[in-house]
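In: structure here, sequence nowhere to be found:
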């Protein structure tokens, strides 16, 4: 019954009824093969209670160590629970059971690049899998993501997405991701909109496409009423979708003035995923505007624990005071990011900003009177609302070189903060959900 509902009843599947039947089957017979072949991926995708599932699959792997399905599901469960090293072992074991199984190679590659940070090994797995199944649309989408996000070879990524769509015109993951690529790289907003509309036509509740379509309407076509309608449809399909919650909150805050509703959406996003740095930063911005500086600093710090080099989190966190240890760590991480992605404005601007913080917040360093005035002015600007602060700091041009440098750093930070404020509500892009 669970398998029938999963395959033939989309409404029951959306409610997670099939997972409940798998749970009941597991209670009757914990070693039932077909249950073990289906249960874990469905429970994870439906965000069901996973308590007891690890013990169930450990027992199942011992019983069916020869089954690629059971071993792969156990690996996927371990991955979801954050046991990445153990998950890698079992993804590799699944490949060893059937070395020419493209699905197993794809799962291992996805795990290596997304959880282990090993894109080169992942690329080798993808290439072998594509040799076996060159027209596998899901495989092409995952390979395209690697090429796009790691290699930054946008032409090759676009080619892979289009090949996936040709192989399967109903592959909404390929259509949605191609739309996002066209939107971000070539700024072809009309074509991007066509891709999102095509994906939504195939799957009206595809949340990633709805979210990205809403963002496109909001940011580039300025159709705020239509964007609101699309966001509502996305949240109806998935009420806890973090990207939609963040972007919808931004729309309500910036264009409809519905502050309490916007804050409520952001709190829902953080409750759904406490590690979502974008949601934490956006909520921190709202909390700061309500003059709760301690609450804002706590949210920004929580965001930095997830993404230590997040420029928006760094900017918000260091407004309230000086944090020398964190500044040094941030500078080191951003310097590494600039080496890896030399063309990234976020990385280079973030590094400049953090270096200005380091110079201006080093209280142990002896400063001239003019430099000290510059630092005090910076602290005042951090503690006051920026609209009440003069745009230019006045200082004596006859002062010594050190004061000149300190004041210039202050002006550079002000410029960076203006840029960040213009993008203070960073939009989230929704890639397709990865089914294992």
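Out: Now that the structure is in, tell me what you want to look at. The shown structure was predicted, so the numbers you read here are calculated from the model rather than taken from an experiment. Numbering: from 1, shown residues only.
In: distance of residue 30 from residue 3?
Out: Residue 30 sits 18 Å away from residue 3, going by C-beta to C-beta, to the nearest Å. No exception for glycine: its C-beta is placed from N, CA and C like everyone else's.
In: scratch that, residue 12 is what I was asking about
Out: For residue 12 relative to residue 3 (C-beta to C-beta), the value is 12 Å.
In: need the overlap of contacts for the two.
Out: Shared contacts of residue 12 and residue 3, defined by C-beta atoms under 8 Å, 6 or more residues apart in numbering, comprise residue 18.
In: hmm, residue 182 is touching residue 194, no?
Out: No. Between residue 182 and residue 194 there is no contact under C-beta atoms under 8 Å: 9.0 Å.
In: for residue 75, give its distance to residue 154.
Out: From residue 75 across to residue 154, the span is 31 Å (C-beta to C-beta).
In: which of those two has more neighbours?
Out: Remark: of residue 75 and residue 154, residue 75 carries more neighbours, 28 against 16, as counted by other C-beta atoms under 10 Å.
In: skipping adjacent residues, who's closest to the more buried one in space?
Out: Using C-beta to C-beta, 6 or more residues apart in numbering and skipping the chain neighbours, the partner closest in space to residue 75 is residue 90 (3.6 Å).
In: pull the number of nearby residues for that neighbour.
Out: Residue 90 has 24 neighbouring residues, counting by other C-beta under 10 Å.
In: OK, contacts around it?
Out: For residue 90, the contact set (C-beta under 8 Å, 6+ apart) comprises 61, 71-72, 74-75, 78.
In: and it, how far from residue 223?
Out: Distance, residue 90 to residue 223, using C-beta to C-beta: 47 Å.
In: again, but for residue 66
Out: Separation of residue 66 from residue 223 (C-beta to C-beta): 56 Å.
In: I'd like the contacts of residue 90 laid out as TSV, including pLDDT, distance to residue 351 and secondary structure.
Out: Formatted as TSV, the contacts of residue 90 follow (pLDDT from 0 to 100; distance: C-beta to C-beta, whole Å; DSSP: H, G, I helix; E, B strand; the rest coil):
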residue	pLDDT	distance to residue 351	secondary structure
61	95	46	helix
71	96	44	helix
72	95	41	helix
74	96	42	helix
75	95	38	helix
78	94	36	helix
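In: mind listing what's buried along stretch 253-266?
Out: For stretch 253-266, burial by neighbour count (16 or more other C-beta atoms under 10 Å) applies to 253, 262-263, 265-266.
In: and those as a markdown table, adding pLDDT and secondary structure?
Out: Shown next, in a markdown table, are those (pLDDT from 0 to 100; DSSP: H, G, I helix; E, B strand; the rest coil):
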| residue | pLDDT | secondary structure |
| --- | --- | --- |
| 253 | 92 | helix |
| 262 | 94 | helix |
| 263 | 94 | helix |
| 265 | 95 | helix |
| 266 | 94 | helix |
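In: ChimeraX command to pick out the buried ones of the contacts of residue 90?
Out: In ChimeraX, this line selects whichever of the contacts of residue 90 come out buried by 16+ other C-beta under 10 Å:
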select :61,71,72,74,75,78
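In: which one of the contacts of residue 90 sits closest to residue 209?
Out: Of all the contacts of residue 90, residue 209 sits closest to residue 72, with 27.5 Å by C-beta to C-beta.
In: name the nearest residue to the closest one, ignoring sequence neighbours.
Out: Nearest residue to residue 72, sequence neighbours excluded (C-beta to C-beta, 6+ apart): residue 94, at 4.6 Å.
In: now residue 178
Out: Distances taken as C-beta to C-beta, 6+ apart put residue 161 closest to residue 178, at 4.0 Å, once the chain neighbours are dropped.
In: tell me the first helix or strand C-terminal of the one helix or strand the one you found maps to.
Out: Using DSSP states H and E, residue 161 sits in helix 154-167. Following helix 154-167 in sequence order, the next helix or strand is helix 172-181 (DSSP H and E).
In: so where is the stretch 251-400 of the chain shaky, pLDDT-wise?
Out: 309, 311, 315, 318-334, 336-337, 340-341, 343-347, 349-350, 353-400 (pLDDT under 70).
In: make sure residue 192 is actually in contact with residue 179.
Out: Yes. At 4.4 Å, residue 192 counts as touching residue 179 under the criterion of C-beta under 8 Å.
In: that older thread, got the contact list for the residue nearest to residue 72?
Out: Counting by C-beta under 8 Å, 6+ apart, residue 94 has contacts 68, 71-72, 75, 101, 104, 107-108.
In: buried residues, the helix or strand where it lies. List them.
Out: Using DSSP H and E, residue 94 maps to helix 84-97. Neighbour-count burial for helix 84-97 flags 84, 87-88, 90-95, 97 (criterion: 16+ other C-beta under 10 Å).
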